[in-house]
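>>> Here is my input, please return the structure:
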Amino acid sequence: FRSIGLFLVLLKIGRPLRFAYVLRQPQRSWMAREAWLALIFFPLAALAFWFDLRPLLLAAAIAGLLFLFSQAMMLKEAKGIPAWREPLIVPLIITTGLAEGGGLFVALTAPLAPLMSSQIAAAAVVILVAVRAFAWHAYLGALRAEGAPTHTLQILDAARIRLFLFGLVLPIALIAAGFFITGTAVPLFALGGLCAFFTGWALKFILVARAAYNQGYALEHPPVHGAGIAGLPIKPGWSVA
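Numbers count the residues shown, from 1 in each chain. The predicted model follows:
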């Protein structure tokens, strides 16, 4: 899925043949680091899948984690977008990616793997969605304390209950039911994994496409005419808890 996303980004840019230029500054750019890690991760993952070698699988997993970290850092370094530059977006994006991957893994392998293996993977997904929920709660709290555009907070608050229900309550409930009703464990685990997976997509879509209002302007010392005292600092459209 991430390879499809990168390919779509390539099609979107104005001059696709210049995509190689992004590789030139890995020492300065998180986008360049992401591109280099993608060149490492996808071949390693393909080779690990094809040859079923544990060393290659481990190397691909490490490269995948670094790739995910670089994507989180790209958002954090976008200083003009308050919803992105909050430092806690890094653990949020990382835990979201891990929960997505775990959920998709369970959904795809539950019909094929032994029950014990499926139970272990499903239990891991429960832990991951719980950690993601904690990261989401901490991120929202930090964003409110630091301040953000009013519309950003409105959009995130509007999505909070849905993400909580479909990203935490429903996956845990389905997977827990699969442990107690072993005859239906496979479909319940798969549904719980899909909930974890699609909620991660929804969360990132909201963050990137809907809540990404920019900084806007601010006046630390509003001007006055003639003698007088400047008014209080203003940030139009800005909310601070």
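>>> Check what pLDDT A113 gets.
We have a pLDDT of 86 for A113.
>>> Where does the nearest residue to it once chain neighbours are set aside fall, secondary structure wise?
Using C-beta to C-beta, 6 or more residues apart in numbering and skipping the chain neighbours, the partner closest in space to A113 is A121 (7.4 Å). Every C-beta, even on glycine, is put in place using the N, C-alpha and C of the backbone. Secondary structure assignment for A121, by DSSP states H and E: helix 115-146.
>>> isn't the residue nearest to A113 right up against G103?
No - using C-beta atoms under 8 Å, A121 is not in contact with G103, being 9.7 Å away.
>>> C-terminal to the helix holding A121, what's the next element?
strand 148-149.
>>> In contact with the residue nearest to the spatial centre of the chain, which residues?
The centroid of the chain falls nearest to I93 when counting by C-alpha atoms, centre = their mean (3.1 Å). Contacts for I93 (C-beta atoms under 8 Å, 6 or more residues apart in numbering) come out as 68, 71-72, 75, 204.
>>> A190 now?
106-107, 110-111 are the contacts of A190 under C-beta under 8 Å, 6+ apart.
>>> Could I have the buried ones of these as PyMOL selection syntax?
For the buried members of the contacts of A190, the matching PyMOL selection, counting by 16 or more other C-beta atoms under 10 Å, is:
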select buried, resi 106+107+110
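>>> Where helices are concerned, which of the contacts of A190 count?
Among the contacts of A190, DSSP state H puts 106-107 in helices.
>>> got JSON lines for the contacts of A190, with distance to A46 too?
Listed next are the contacts of A190 as JSON lines, based on distance: C-beta to C-beta, whole Å:
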{"residue": "V106", "distance to A46": "22"}
{"residue": "A107", "distance to A46": "21"}
{"residue": "A110", "distance to A46": "23"}
{"residue": "P111", "distance to A46": "23"}
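>>> Could you identify the most distant pair in the contacts of A190?
V106 and P111 (10.3 Å; C-beta to C-beta).
>>> which stretches of this structure form strands?
Per DSSP state E, the chain carries strands over the ranges 148-149, 238-239.
>>> Rounded mean pLDDT for stretch 54-63, please.
89.
>>> can you list contacts of it?
Applying C-beta under 8 Å, 6+ apart, the contact partners of stretch 54-63 are 37, 40-41, 44-45, 47-48.
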